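Peer 1: starting from these lines, generate the structure:
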Amino acid sequence: MNSKKEVLIIGGGTAGIMVAAKLRKEHKDVSVTLIEPADTHYYQPAWTLVGAGTFDFQKTARPMKDLIPQGVKWVMDKAVGFDPKNNLVKTESNGDLSYDYLVVATGLVMEPSMIEGLQEGLEKGVVCSNYTDPKHTWEVLRNFKGGNAVFTQPTTPIKCGGAPQKIAYLAADYFRKKGIADKSNVIFATPGTVIFGVKPIRDTLMDVVNRYHIHFKPSYSPYRVDVQNKIIHFKHTAVGENRCVINEDNDLGESMVGDTDISMPFDMLHIAPPQAAPKFIRESVLADGNGWLSVNHNTLQHNKYPNIFGLGDVADLPTAKTGAAIRKQVPVVVNNIATMMKINSLGQKEYNGYSSCPLVTGYGKMVLAEFDYAGNFTPDPKLKRMFVFNSDKEHWRLWMLKKYGLPYLYWNKMLKGIDV
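Peer 2: Residues are numbered from 1 along each chain as shown. Predicted structure coming up:
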């Protein structure tokens, strides 16, 4: 392999660090540079547990300098643009950086401005979100005295698509433990038409919804937060069902305006903000029509520029944006880059859309949804070693995996380029 080849990685999140680590581990003669402006790296999958008061926020953070793999050059700067014809990435302070191969792993960004009033609500603490401040979510949860606790999500793609409902289940369980369940309405409102797309998981989650007496509101798309009056406004996308949906739950204080607008008062509101690729990606020649990085869904190679690869949350992959997905994407990217360096051709590995959502359904309970592009339920055979034979059912061992096993694997295996 030509030792002069330069791999440039944009992003020091899960995907960027893992690609850098695996490249250095398996191909020491490759020069690797990583662009990342942040000095702290967060294990965000634990933020759901932080928001429920069962995980220490400080333990989700580590200094970036301790995670950059040995032998990788760290450019502590922001990427701001591309010149793919000349193999250059533009940075804010370090000028243009050249590459032979580019890996785009920027992740995504929160765009609360896409829902009117949401930015104000988050800033004033009227709205909470595990996506931005899980410690505040726990504070709101602890101080909740009853009324409407509304949990919702946007119409955009989001990281960890199950997170908005996980905190709803934990909140419902917490209210039971606190003795205020009888004066609390837990509402999960989603733009989706079902609670989860994979049927075995969906069946289990509907049992959970019924157990907690959660008011499940499909086809509810949030578009405005009235911060002063503590009312959230939705567009209902299944117009024919509107009247019966409202009449069933008139104790929630819902009201209709026209055929599609629904307003709902809240005493607690947790929301996943709308999310998008970073602006410099959206406005670049690398983006698809929706602003996400345009890559082949199996090879993860850019659809126009063959020496550019993308993975993780920024990529336009039709699967859930999770760390588990990245775990399966990294070997494909590394193999393809290494093979291209040798024989100017892609390798044999392909990504089949695998992702997983660890769906916490209460304190000490979890379901593990694993699936591929086709929506097939694909449980890992290794779970049997934990005596978990039906991961589509709630199990305390899966909770232990979420709280203790996965963080350990993340810090000690994944970020060091070791396949798990």
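Peer 1: for the stretch 101-250 of the chain, what spans make up the strands?
Peer 2: 101-104, 109-110, 147-152, 184-190, 215-218, 220-226, 231-236 (DSSP state E, counting those that start in this stretch).
Peer 1: to residue 21, which of those strands lies closest?
Peer 2: Of all the strands of the stretch 101-250 of the chain, it is strand 101-104 that lies closest to residue 21, at 12.3 Å by Cβ to Cβ. Heads up, the C-betas are built off the backbone N, CA and C, glycines and all.
Peer 1: that closest one pairs with which strands, and in what direction?
Peer 2: strand 6-10 (parallel), strand 308-310 (parallel) (DSSP bridges).
Peer 1: flag every buried residue along that strand.
Peer 2: 101, 102, 103, 104 (16 or more other Cβ atoms under 10 Å).
Peer 1: kindly report the same for stretch 345-353.
Peer 2: Under the neighbour-count criterion of 16+ other Cβ under 10 Å, stretch 345-353 has 346, 347, 349, 351, 353 buried.
Peer 1: what number of residues lie near residue 183?
Peer 2: The tally of other residues near residue 183 (other Cβ atoms under 10 Å) stands at 10.
Peer 1: state the distance from it to residue 145.
Peer 2: 8 Å (Cβ to Cβ, to the nearest Å).
Peer 1: now swap in residue 279 and tell me
Peer 2: As defined by Cβ to Cβ, residue 279 lies at a distance of 40 Å from residue 145.
Peer 1: what of residue 225?
Peer 2: The spacing between residue 225 and residue 145, counted by Cβ to Cβ, is 21 Å.
Peer 1: kindly report the same for residue 230.
Peer 2: 14 Å.
Peer 1: for the chain, which helix is longest?
Peer 2: helix 323-343 (DSSP state H).
Peer 1: that one vs strand 6-10, what angle?
Peer 2: Interaxial angle, helix 323-343 versus strand 6-10 (axes from the mean of the first three to the mean of the last three Cα atoms, to 10 degrees): 160 degrees.
Peer 1: what mean pLDDT does helix 323-343 have?
Peer 2: Helix 323-343 shows a mean pLDDT of 97 in the predicted model.
Peer 1: alpha carbons only: can I get it in PDB?
Peer 2: C-alpha atoms of helix 323-343 as PDB (Å, rounded to 0.1, in the frame of the first residue of the first chain):
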ATOM      1  CA  GLY A 323     -24.300   3.900  17.000                       C
ATOM      2  CA  ALA A 324     -25.200   0.300  16.300                       C
ATOM      3  CA  ALA A 325     -25.600   1.200  12.600                       C
ATOM      4  CA  ILE A 326     -22.200   2.900  12.600                       C
ATOM      5  CA  ARG A 327     -20.600  -0.200  14.100                       C
ATOM      6  CA  LYS A 328     -21.600  -2.100  11.000                       C
ATOM      7  CA  GLN A 329     -20.800   0.700   8.600                       C
ATOM      8  CA  VAL A 330     -17.200   1.300   9.700                       C
ATOM      9  CA  PRO A 331     -15.700  -2.000   8.500                       C
ATOM     10  CA  VAL A 332     -17.300  -1.400   5.100                       C
ATOM     11  CA  VAL A 333     -15.800   2.000   4.700                       C
ATOM     12  CA  VAL A 334     -12.300   0.900   5.900                       C
ATOM     13  CA  ASN A 335     -12.300  -2.200   3.700                       C
ATOM     14  CA  ASN A 336     -13.400  -0.200   0.600                       C
ATOM     15  CA  ILE A 337     -10.700   2.500   1.100                       C
ATOM     16  CA  ALA A 338      -8.000   0.000   1.800                       C
ATOM     17  CA  THR A 339      -8.900  -2.100  -1.300                       C
ATOM     18  CA  MET A 340      -9.100   1.000  -3.500                       C
ATOM     19  CA  MET A 341      -5.600   2.000  -2.400                       C
ATOM     20  CA  LYS A 342      -4.300  -1.400  -3.500                       C
ATOM     21  CA  ILE A 343      -6.200  -2.200  -6.700                       C
END
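Peer 1: all set now, cheers.
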